[in-house]
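Q: give me a model of this one.
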Amino acid sequence: MKKKILTLTATILAFSTIVTGCSFGQDDTKEATEYINDETLNSTDDSSALESTGNIIVADDLATPDFEDYTTAAATAEASAAPSVDETQEEDKVVMVFFGDSQIANGRNDGTDIPTLVQQRVPNSVAINLAIGGTTASLEASTADYEDYENWSSNCFVGMVHAFTGKVKKENVLSSNPDLMTAMDSVSPSDVDYYFIEYGANDFFSKVPLDKFNTDQNYDDIHTYYGALRLGISELRQSSPNAKFFLISPVYGIYKDNSGNYLGDSYVVSNGFGTLSDYAKKAGNVSADEENAFLVDAMFMSRFDLYLDTADQYLMDNVHLTETGRRILARIVAHWPNGFEFNEPKAYRESDYINIATFDPDEFYRLDDGVLMDAFPDQFELLVKGEYKLVKPNENTPQLPDSSSQESTQENG
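A: The predicted structure follows:
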């Protein structure tokens, strides 16, 4: 089906810039994030069943959703049999590897998982989905001997990285998910161009500390959300020194207690260490502290309108993204590799804002060429010269100023 073209006008763009806080004129900028530390987090004792601290609700009686991915074993095995990078076409492929929980794993059975949807939007690419539902970034606190690599079996983010880089036995880590062996074996870390990492919801529900300074207890980095993310990225970087890393924040959600009573959303319900929005901010801290790392926001409405009023359209159970929600996030995610690969102007990732009420999965986003010319003249020049694979000049594209006439004007001025 021929994709529809979505053009953003200058008027709408100006409004969107005010609402979302886009930073036009700056390439490769990270999302603006608040740095979370002890001074910005007031950690609350989690001994009470339900107490309010200001606008924050600390809940022990918090219903934990089923974070296992919604797939059958047979369908997952079939969908996970990703083509090997060596088996693809002669032209070098853009290799993208996804680590995460059920938000990334969901949809494998019918090809609507986020990695597959991103691959469909990024030309000449291959996406490897290594996500497992129910997993955390951090290693379980009960596992003290985390340097026993011979017997390592945890499939947390750090464990998946260990398996991917060959530090531990894959069959131990993937014993409950043997279908992922084919996917993991299909690519070498040295061939990876982009890593996408999405964790946090299970860390939140498991009451994992945000970092080792977020608790009075003596936690090692690997047992905290921030520490585990940084340890995993550091190990991947050793095997993939030229790769770029994208932290996809936890997804905004709504929470109920075990009796089904509404408690609040990701901004107000705390596990005692913080709200899920605090985990999202902490993912932003990781992207700020790591080289060649960037944040993809799925919490704070900077790229799409997931909030209380639209949650029933985005979320199937108040937590997991629907297929439409996955398609929206995939479109936002795809702007990043497309920008770096010169498939489209990098400005597109800063200006695309999606409202679910008007979202069309067949749309191909295009910023108004006139706006691009004014705000990003270097990128506009590349577009006019036909340098982008996905975006070409059309009858509405302004002409580049004639350099000779400009020089004549300057000389006569």
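
Q: pLDDT weak spots in the stretch 51-200 of the chain?
A: Counting by pLDDT under 70, the ranges of the stretch 51-200 of the chain that qualify are 51-54, 61, 64, 66-91, 144-145.

Q: could you rerun that using 50?
A: 51-53, 72-81, 87-90 (pLDDT under 50).

Q: the nearest residue to G386 once chain neighbours are set aside: helix or strand, and which one exactly?
A: Distances taken as CB to CB, 6 or more residues apart in numbering place K392 nearest to G386, at 5.8 Å, with adjacent residues excluded. (Glycine included, C-beta is placed from N, CA and C.) Secondary structure assignment for K392, by DSSP states H and E: no helix or strand.

Q: my guess is K392 meets K385, correct?
A: No. The criterion here is CB atoms under 8 Å, and K392 misses it with K385 at 10.1 Å.

Q: ok, V158 to Y149 distance?
A: 11 Å (CB to CB, to the nearest Å).

Q: and those two? which has more neighbours close in?
A: Using other CB atoms under 10 Å as the criterion, V158 and Y149 rank with V158 on top: 26 against 12.

Q: so what's the backbone phi/psi at the closest residue to S125 other than its chain neighbours?
A: Using CB to CB, 6+ apart and skipping the chain neighbours, the partner closest in space to S125 is V94 (4.0 Å). The phi/psi pair for V94 (degrees, to the nearest 10) reads phi -80, psi 120.

Q: wouldn't V94 be in contact with R121 here?
A: No. Taking contacts as CB under 8 Å, V94 lies outside contact range of R121: 11.5 Å.

Q: list residues touching both of these two?
A: Common contacts of V94 and R121 (CB atoms under 8 Å, 6 or more residues apart in numbering): none found.

Q: tell me, what residue is most central in the protein?
A: I248 (2.2 Å; CA atoms, centre = their mean).

Q: that one reaches A298, doesn't it?
A: Yes. Using CB under 8 Å, I248 is in contact with A298, at 6.0 Å.

Q: can you pull the residues that touch both of these two?
A: L329.

Q: quickly find the element holding R237.
A: Using DSSP H and E, R237 sits in helix 225-239.

Q: could you dump that helix to CSV, C-alpha only?
A: What follows is helix 225-239, C-alpha atoms only, in CSV (Å, rounded to 0.1, in the frame of the first residue of the first chain):
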residue,chain,number,x,y,z
TYR,A,225,18.0,0.1,37.9
TYR,A,226,20.6,2.8,37.0
GLY,A,227,23.6,0.7,37.8
ALA,A,228,22.4,-2.3,35.8
LEU,A,229,21.7,-0.2,32.7
ARG,A,230,25.1,1.3,32.8
LEU,A,231,26.9,-2.0,33.4
GLY,A,232,25.0,-3.6,30.5
ILE,A,233,25.8,-0.7,28.1
SER,A,234,29.4,-0.6,29.2
GLU,A,235,29.8,-4.3,28.3
LEU,A,236,28.0,-3.9,25.0
ARG,A,237,30.3,-1.0,24.1
GLN,A,238,33.4,-3.1,24.5
SER,A,239,32.0,-5.5,21.8
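
Q: elements contacting it?
A: Applying 3 or more CB pairs under 8 Å, 6 or more residues apart in numbering; DSSP states H and E, one finds that helix 225-239 makes contact with helix 157-165, strand 194-198, strand 244-248, helix 276-289.

Q: go through these and name the closest to S102.
A: For the helices and strands packed on helix 225-239, proximity to S102 was assessed by CB to CB; strand 194-198 is nearest, at 9.8 Å.

Q: how about the CA coordinates for that closest one, as PDB?
A: Output in PDB follows, covering the C-alpha atoms of strand 194-198 (Å, rounded to 0.1, in the frame of the first residue of the first chain):
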ATOM      1  CA  TYR A 194      22.100   0.500  17.100                       C
ATOM      2  CA  TYR A 195      21.000  -0.900  20.500                       C
ATOM      3  CA  PHE A 196      17.500  -0.200  21.800                       C
ATOM      4  CA  ILE A 197      17.100  -0.900  25.500                       C
ATOM      5  CA  GLU A 198      13.700  -0.700  27.300                       C
END
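
Q: next one: that strand to chain centre, how far?
A: In terms of CA atoms, centre = their mean, to the nearest Å, the gap separating the centre of strand 194-198 from the centre of its chain is 7 Å.

Q: partners of that strand in the sheet?
A: Sheet pairing here is set by DSSP bridges, and for strand 194-198 it gives strand 94-100 (parallel), strand 244-248 (parallel).

Q: can you name every helix or strand that the next helix or strand after it contacts?
A: Next in sequence after strand 194-198, counting helices and strands by DSSP H and E, comes helix 201-205. For helix 201-205, the elements it packs on are helix 276-289, judged by 3+ CB pairs under 8 Å, 6+ apart.

Q: have a look at this structure and report its longest helix.
A: For the chain, the longest helix by residue count, based on DSSP state H, is helix 323-340.

Q: for it, packing partners?
A: helix 114-121, strand 194-198, strand 244-248, strand 293-296, helix 311-314, helix 347-351.

Q: please identify the buried residues of it?
A: Of the residues in helix 323-340, those buried by neighbour count under the rule 16 or more other CB atoms under 10 Å are 325-340.

Q: quick one, that helix and strand 94-100 angle?
A: 140 degrees (axes from the mean of the first three to the mean of the last three CA atoms, to 10 degrees).

Q: extract the C-alpha trace of helix 323-340 and format it as CSV.
A: Listed next in CSV are the C-alpha coordinates belonging to helix 323-340 (Å, rounded to 0.1, in the frame of the first residue of the first chain):
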residue,chain,number,x,y,z
GLU,A,323,-0.9,-2.6,18.6
THR,A,324,-1.7,1.0,17.8
GLY,A,325,0.4,2.1,20.7
ARG,A,326,3.3,0.0,19.5
ARG,A,327,2.9,1.4,16.0
ILE,A,328,3.1,4.9,17.4
LEU,A,329,6.2,4.2,19.5
ALA,A,330,7.8,2.4,16.6
ARG,A,331,7.4,5.5,14.3
ILE,A,332,9.0,7.7,16.9
VAL,A,333,11.9,5.2,17.5
ALA,A,334,12.5,4.8,13.7
HIS,A,335,13.3,8.5,13.3
TRP,A,336,16.6,7.9,15.2
PRO,A,337,18.3,5.4,12.9
ASN,A,338,16.7,7.1,9.9
GLY,A,339,18.3,10.3,10.9
PHE,A,340,21.8,8.9,11.5
